[in-house]
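Engineer: Model the structure of this input:
(one chain, ligands or ions: 1)
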Amino acid sequence: MKIGIFDSGVGGLSVLKEIKEKINFADIIYYGDSFNSPYGSKSIKEIQKLCLKIGEFLIDNRVDVIVIACNTATAAALETLKERFTSVPIIGVVTPGAKMAIKQSKNKKIGVLSTPFTAKSDIYKNVIKNLNSKYEVYQEGCDLLCPMIERGWESNEKNKGLLKSYIDRLPQDIDTLILGCTHYPLIRGEIESLVNKKIVDPAEETAMHVLFELNKLALKTGIKKIRRDKINVDYFITGSLEKFKEVGEKFLGECLVNIYQPLID
Ligand code: DGL
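Structural biologist: Next up is the predicted model:
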């Protein structure tokens, strides 16, 4: 079995990490569109166009499930991808994150840090309110965080001050904070050092959804789930391979091999 995962860059590695921890019978194709990053300041049409191209690439590579490991792409293109690619399940990160936050929050006040696109789309507010209308959701768009994480968080000395200024814009009385951009778990330690709230990383629950879908598929088709000692991951990266390797290795704590430039126009 094969899992296709994509993001605008290194952020989706936070989802890949959880998937690798929970699923030991499927290989992975990871697509990082760092050449077109950040998605969070693009229009919905631009994001949908980029996502459709990536979807085609993953389908051509015969994946059994597509994971949109990007909140912005989930907000902009989940429905578009579901309409276009009907042969495989397509899983976004927002509903899993929303469900986790609802379980975690006691005072029913949830904050979300995300890209400006995700914040403006109101997707977290809408999904959470649909699940339970009693919850209040406060969303903050952080335009500079994703590009800073792509470039290497430590290389910018203003990083912590900027992060604090975004966090300070959220109401003090939230008790739960969703990392509403898959890049943010890469700086989870920094975030935890600044806020004393329950932190929700949607990647954990997303990985459970992927496992559920693959189990369903195995039952339906009779495909054998063959346990691998080591999961093979092929990385297709549109921007700098060196930068991706550097930031990715630091986060995953392992050497990344099989990194390629995808051949798409
Ligand atoms: N990791 C993406 C997300 O979850 C970042 C999007 C961007 O490129 O701005 O939203």
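
Engineer: Tell me the residues on the protein that lie near the ligand, please.
Structural biologist: The interface of the chain toward the ligand, taken as Cβ under 6 Å from any ligand atom, is made up of 7-8, 11, 37-40, 70-72, 115, 118, 146, 181-183. Every C-beta, even on glycine, is put in place using the N, C-alpha and C of the backbone.

Engineer: Please narrow those to those residing in helices.
Structural biologist: 71-72, 118, 146 (DSSP state H).

Engineer: now the strands for the stretch 151-265 of the chain?
Structural biologist: Ranges of strands in the stretch 151-265 of the chain, per DSSP state E, counting those that start in this stretch, are 176-179, 198-200, 233-237, 259-260.

Engineer: just these: most buried one?
Structural biologist: strand 176-179 (a mean of 26; mean count of other Cβ atoms under 10 Å).

Engineer: Run through the stretch 151-265 of the chain and note the low-pLDDT ranges.
Structural biologist: 264-265 (pLDDT under 70).

Engineer: okay, and for the stretch 1-150 of the chain, where does confidence drop off?
Structural biologist: In the stretch 1-150 of the chain (pLDDT under 70), no residue qualifies.

Engineer: chain center to the strand or helix carrying residue 79, what's the gap?
Structural biologist: Taking DSSP states H and E as the criterion, residue 79 maps to helix 71-84. Put simply, helix 71-84 sits 13 Å off its chain's centre (Cα atoms, centre = their mean, to the nearest Å).

Engineer: residues in contact with it?
Structural biologist: With Cβ atoms under 8 Å, 6 or more residues apart in numbering as the test, helix 71-84 has contacts from 6-8, 38-40, 44, 47-48, 50-52, 55, 66, 68, 90, 92-94, 97, 114-115, 117-118, 121, 123, 180-182, 202.

Engineer: residues contacting residue 110?
Structural biologist: 101-102, 124, 128, 135-138, 174-178.

Engineer: Over to residue 47?
Structural biologist: Taking Cβ under 8 Å, 6+ apart, one finds 39, 72-73, 76-77, 117 in contact with residue 47.

Engineer: Highest neighbour count among the contacts of residue 110?
Structural biologist: residue 178 (30 neighbours; other Cβ atoms under 10 Å).

Engineer: Now list the buried members of the contacts of helix 71-84.
Structural biologist: The neighbour-count criterion (16 or more other Cβ atoms under 10 Å) marks 6-8, 38-40, 47-48, 50-51, 55, 66, 68, 90, 92-94, 97, 114-115, 117-118, 121, 123, 180-182, 202 among those as buried.

Engineer: buried set for stretch 239-258?
Structural biologist: 239-241, 243-245, 247-248, 251-252, 256.

Engineer: do stretch 183-193 as well
Structural biologist: Within stretch 183-193, the residues scored as buried using 16+ other Cβ under 10 Å are 183-187, 191.

Engineer: ditto for stretch 30-45
Structural biologist: For stretch 30-45, by 16+ other Cβ under 10 Å, it's 30-34, 36-42.

Engineer: Ok, stretch 101-113 next?
Structural biologist: For stretch 101-113, by 16+ other Cβ under 10 Å, it's 101-102, 104-105, 109-113.
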